[in-house]
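**Student:** following is a predicted model, sequence given first.
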There are 2 protein chains.
Amino acid sequence: MNLLINNIGQLVTVASHGKRVKTGEEMRSLGVLSDASLLIENGIIAKIAKKDELTPPEDFDVIDAEGRTVLPGFVDSHTHTVFAGTRENEFAMRAEGKSYQEIAEAGGGIISTMRATREASKKDLYHLAERRLDDMMRYGTTTVEIKSGYGLSPEAEIKILEVIHDLQRDHYATVVGTFLGAHAFPPEYKDDKQGYVDRICDYMMPYIAEKKLATFVDVFCEQGYFDLHFTEQIILEAKRHGLIPKLHADQLNAFGAVELGAKHNAISVDHLEKTNESGIAALKNSQTIATVLPGCSLFLNHPYAPARAIIDAGIPLVLATDFNPGSQMSYSMQMMLTLACTQMRMTPEEAITAATFNGAAALGLSAEIGSIEIGKQADVVIYDVHDYRFIPYHYGMNHVWKVVKNGVMLEF
Amino acid sequence: MNLLINNIGQLVTVASHGKRVKTGEEMRSLGVLSDASLLIENGIIAKIAKKDELTPPEDFDVIDAEGRTVLPGFVDSHTHTVFAGTRENEFAMRAEGKSYQEIAEAGGGIISTMRATREASKKDLYHLAERRLDDMMRYGTTTVEIKSGYGLSPEAEIKILEVIHDLQRDHYATVVGTFLGAHAFPPEYKDDKQGYVDRICDYMMPYIAEKKLATFVDVFCEQGYFDLHFTEQIILEAKRHGLIPKLHADQLNAFGAVELGAKHNAISVDHLEKTNESGIAALKNSQTIATVLPGCSLFLNHPYAPARAIIDAGIPLVLATDFNPGSQMSYSMQMMLTLACTQMRMTPEEAITAATFNGAAALGLSAEIGSIEIGKQADVVIYDVHDYRFIPYHYGMNHVWKVVKNGVMLEF
């Protein structure tokens, strides 16, 4: 918990100077200090200085970073990390050109993950997710939002949220829970969509709110899934219970999901592959954060979200993985930086801000994490590179050298 | 050199049954054996059997693969691994929307790598490339073709080829050298292109052939670089010296480069982003292999090569990284599998064949490496996955558990 990191080649602070979230030109300002050192006391960033200037108190561990680069830990604000079963078979079918319908008929799609997740024990789900979180930390992520959504029944959704809750308690990573009962319609309700939405609002949500099993409520707002009417019902009910709404919006069609999220002050609207000028205008006049998930576009060979236009409009932008077994099987935030820079014309600076400080803002945590500033939680990652731009530039590999979480240097 | 790998969950042999290269449906046939074991004697694959069936002779090491997946080592048949300097600055400028011209004016482009490489000592170039080869092996690649081409003067090109030659002698990886003096025109010859081509043919090539510093001769055949006339001159001269021609073809424009390669029996034509029906027809009537480099398309946000059409036409296809500091800063063949499956509609089976056995064929080595068959060199990689399709499916990370090169289990 007490640690001096000396001889840092580039200390990328992403300094926020008290802002909640960064927009526009601020996203390009990383506050990089050369030849620096960092003193961490009781898990909190205590001092930032030039290298060799700080003398650590007794009983402090000292790391020589040997000129390496230090960044805040990544904040992955959109994942589906708790699930059983994997879908490599479906991946192969898609590569062969099989349609969504053919994949579903062969037992694929979200319902296959729902079945495996319903069947899995809490213990198994916990251990699967624990291993994934370990790997995420190895790749530089120190905070992870995790959604439910592969249960789609009260028992199974609550089982998943309890697993997320246990991970929050036990795991080194900071874990934030989101209730996504409205991820798809379960087979039991395929002819009674209103019935399922009512079940979410009247039965699941009160219990989840009372037991404090989630911070956020999310909805897959999409044509053929949860339409604007259903989505609004869930958002309003979430707010009534003191849960914060966020949305899956505009992934496949732009039909007003982003506008609905902005109207109700959703903390973020995520995906945005199809977001158009109307959505951008709505976000501009709101407090809602725009979260883009470029891994999903790569994985499904879909268009990318208009991240450039969103940033240029002055809207705060976040990068996250969307890690899930169906449409985005990667939890590497380093890879997301590369996709942001090569596919969405974001600069390395914007991408890093979007993956750290702004990600923290999308979870309501930017006062505590997401940047390296005095008084903040010491979640810092040392990369074996001489320049932060190397992280998106040299892709497909892991550049992490050491991970420090809450001031503790982790051993993998 | 003597090793038994037992308890292999999936042994992906990519068995070739004596063919030089695989085409069409053969590319989908991986020859996967479940619950297998593999006996390696003196660095050669000696026996393949069901698990627990083989009793190793005395003094054999035994590895329990614990149900993991074994593949032939990747053969990366197109790289530019020997260079000094990196170009993360240029990467950032491209993300900002700067043009090629603006980047060149800011000191970027291939000439910047040429300058750094000319200035570097042989020893420095060796150590830089050695570290990269170590990393490539950690990511599952056991054979690497390396091109010269950042010297662009007799002294500097020969310096690079000598480094490649030393790596070939010293490194655990199998290294194959290619002379790419015709990578760009050096500043000294910018007004005398014919003069530089003559210098390659009349001065550099005879020396390189005599000293056996390369197996292949490559040309960047492109409008504004080495046109069809220059390229043909170099190909003919290469053949006269017993060097095997290969080409960079159709990366930016389709103007007959693939057709020229096919006409002269180039061992492979590489890139093919712009290859059209005429190019495909020419390849169909030739022995020339088509090599696609999807990492380059991702990195530059350029179109992908028509891999699907090439395979469907019955032409043998190879996947390689094109690892280089300007247009493709990744040496992960695992990542190339993902790009092949998601961006080019190749199946996982086709991608693995293209990255192993067919890659070996593109280097004239498919009788010795590229598949796991009795009598072949024991270059095998154990992945920590339960199904080979997991390797392209779960991307942005390294799935390698152990690397066995020439029967030796490597420690990293």
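**Tutor:** Right, received. Where do you want to start?
**Student:** hey, where'd the strands end up in the stretch 301-412 of chain A?
**Tutor:** Assigned strands in the stretch 301-412 of chain A, in chain order: A:317-319, A:380-383, A:400-405, A:408-409 (criterion: DSSP state E, counting those that start in this stretch).
**Student:** burial of A:Ser327, as a residue count?
**Tutor:** 21 (other C-beta atoms under 10 Å in any protein chain shown). Just so you know, the C-beta spots here come from the backbone N, C-alpha and C atoms, and that holds for glycine as well.
**Student:** correct me, but it touches A:Leu298?
**Tutor:** No: applying C-beta atoms under 8 Å, one finds A:Ser327 not in contact with A:Leu298, separated by 10.3 Å.
**Student:** residues contacting A:Trp287?
**Tutor:** Heads up, residue A:287 is Gln, not Trp. A:Asn265 (C-beta atoms under 8 Å, 6 or more residues apart in numbering or on different chains).
**Student:** let's see 10 Å
**Tutor:** Contacts for A:Gln287 (C-beta atoms under 10 Å, 6 or more residues apart in numbering or on different chains) come out as A:20-21, A:262, A:265-267, A:316.
**Student:** let me know the closest of these to A:Gly67.
**Tutor:** Comparing the contacts of A:Gln287 against A:Gly67 with C-beta to C-beta places A:Val21 closest, at 31.5 Å.
**Student:** ramachandran angles for the closest one?
**Tutor:** Here the main-chain torsion angles of A:Val21 (degrees, to the nearest 10) amount to phi -160, psi 160.
**Student:** skip the chain neighbours and tell me the closest residue to it.
**Tutor:** A:Ala361 (3.7 Å; C-beta to C-beta, 6 or more residues apart in numbering or on different chains).
**Student:** so that neighbour sits right up against A:Val318, yeah?
**Tutor:** Yes: taking C-beta atoms under 10 Å as the definition, A:Ala361 is a contact partner of A:Val318 at 7.4 Å.
**Student:** any shared contact partners between these two?
**Tutor:** Here A:Ala361 and A:Val318 have A:21, A:75, A:77, A:268, A:289 as joint contacts, going by C-beta under 10 Å, 6+ apart.
**Student:** put the alpha carbons of stretch A:296-309 into CSV.
**Tutor:** C-alpha atoms of stretch A:296-309 as CSV (Å, rounded to 0.1, in the frame of the first residue of the first chain):
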residue,chain,number,x,y,z
CYS,A,296,-17.7,-5.3,-31.5
SER,A,297,-17.4,-3.7,-34.9
LEU,A,298,-14.3,-5.6,-35.7
PHE,A,299,-15.7,-8.9,-34.4
LEU,A,300,-18.9,-8.6,-36.3
ASN,A,301,-17.4,-6.7,-39.3
HIS,A,302,-20.0,-4.0,-38.7
PRO,A,303,-19.5,-0.2,-39.2
TYR,A,304,-17.7,1.7,-36.5
ALA,A,305,-19.4,4.3,-34.3
PRO,A,306,-18.8,8.0,-35.5
ALA,A,307,-16.4,8.7,-32.7
ARG,A,308,-14.7,11.5,-34.5
ALA,A,309,-18.0,13.4,-35.1
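**Student:** chain center to the strand or helix carrying A:Val75, what's the gap?
**Tutor:** Per DSSP states H and E: A:Val75 is located in strand A:74-76. With C-alpha atoms, centre = their mean, to the nearest Å as the basis, strand A:74-76 stands 6 Å off its chain's centre.
**Student:** quick one: mean pLDDT over whatever helix or strand comes next after it.
**Tutor:** Downstream of strand A:74-76, the next assigned helix or strand under DSSP H and E is helix A:88-95. Across helix A:88-95, pLDDT averages out at 94.
**Student:** elements contacting helix A:88-95?
**Tutor:** With contacts defined as 3 or more C-beta pairs under 10 Å, 6 or more residues apart in numbering or on different chains; DSSP states H and E, helix A:88-95 has these neighbours: helix A:100-105, helix A:110-119, helix A:294-300, helix B:333-343, helix B:348-355, helix B:390-393.
**Student:** buried ones in it?
**Tutor:** By neighbour count with 16 or more other C-beta atoms under 10 Å in any protein chain shown, helix A:88-95 contains the buried residues A:88-95.
**Student:** how big is the angle separating that helix from helix B:333-343?
**Tutor:** Inter-element angle recorded for helix A:88-95 and helix B:333-343: 60 degrees (by axes from the mean of the first three to the mean of the last three C-alpha atoms, to 10 degrees).
**Student:** now helix A:88-95, how far from the centre of its chain.
**Tutor:** 25 Å.
**Student:** quick one: pLDDT of the closest residue to A:Leu167 other than its chain neighbours?
**Tutor:** Sequence neighbours aside, A:Val175 is the residue nearest to A:Leu167 in space, at 4.9 Å (criterion: C-beta to C-beta, 6+ apart). For A:Val175, the model assigns a pLDDT of 98.
**Student:** report the strands that pair with the stretch of helix or strand A:Val175 belongs to, each with its relative direction.
**Tutor:** Per DSSP H and E, A:Val175 falls inside strand A:174-182. Paired strands of strand A:174-182, with direction, are strand A:141-147 (parallel), strand A:216-220 (parallel) (DSSP bridges).
**Student:** how about these, which one is nearest B:Ala209?
**Tutor:** Here strand A:141-147 is closest among the strands paired with strand A:174-182 (C-beta to C-beta), at 51.7 Å.
**Student:** now the angle between helix A:348-355 and that closest one, please.
**Tutor:** 50 degrees.
**Student:** quick one, strand A:141-147 and strand A:400-405 angle?
**Tutor:** Using the same axes, to 10 degrees: strand A:141-147 against strand A:400-405 is 70 degrees.
**Student:** mind giving me the domain ranges of chain A?
**Tutor:** Per automatic domain parsing, the domain ranges recorded for chain A read A:3-72+A:372-409, A:75-361.
**Student:** just name the most buried of those.
**Tutor:** domain A:75-361 (a mean of 22; mean count of other C-beta atoms under 10 Å in any protein chain shown).
**Student:** so what's the gap between it and the chain middle?
**Tutor:** The answer for domain A:75-361 is 8 Å, by C-alpha atoms, centre = their mean.
**Student:** what about it, how long is it end to end?
**Tutor:** Its first and final residues considered, domain A:75-361 spans 9 Å by C-alpha to C-alpha, to the nearest Å.
**Student:** and for stretch A:77-84?
**Tutor:** Terminal residues of stretch A:77-84 are spaced 21 Å apart (C-alpha to C-alpha).
**Student:** that stretch vs chain B: in contact?
**Tutor:** No: judged by C-beta under 10 Å from any C-beta of the partner chain, stretch A:77-84 makes no contact with chain B; its nearest approach is 13.1 Å.
**Student:** before we move on, what about stretch A:251-264?
**Tutor:** No: Stretch A:251-264 lies apart from chain B when judged by C-beta under 10 Å from any C-beta; the minimum separation is 16.7 Å.
**Student:** CA atoms only for that stretch, dumped as CSV, please.
**Tutor:** Taking Å, rounded to 0.1, in the frame of the first residue of the first chain, the C-alpha atoms of stretch A:251-264 are listed here in CSV:
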residue,chain,number,x,y,z
GLN,A,251,-26.1,-0.6,-32.5
LEU,A,252,-28.2,-1.9,-35.4
ASN,A,253,-30.7,0.9,-36.1
ALA,A,254,-31.1,4.6,-35.2
PHE,A,255,-34.6,5.0,-34.1
GLY,A,256,-34.4,7.3,-31.1
ALA,A,257,-32.6,5.2,-28.4
VAL,A,258,-29.8,7.8,-28.0
GLU,A,259,-32.4,10.6,-27.8
LEU,A,260,-34.4,8.7,-25.2
GLY,A,261,-31.2,8.1,-23.1
ALA,A,262,-30.3,11.8,-23.3
LYS,A,263,-33.8,12.9,-22.4
HIS,A,264,-33.7,10.8,-19.2
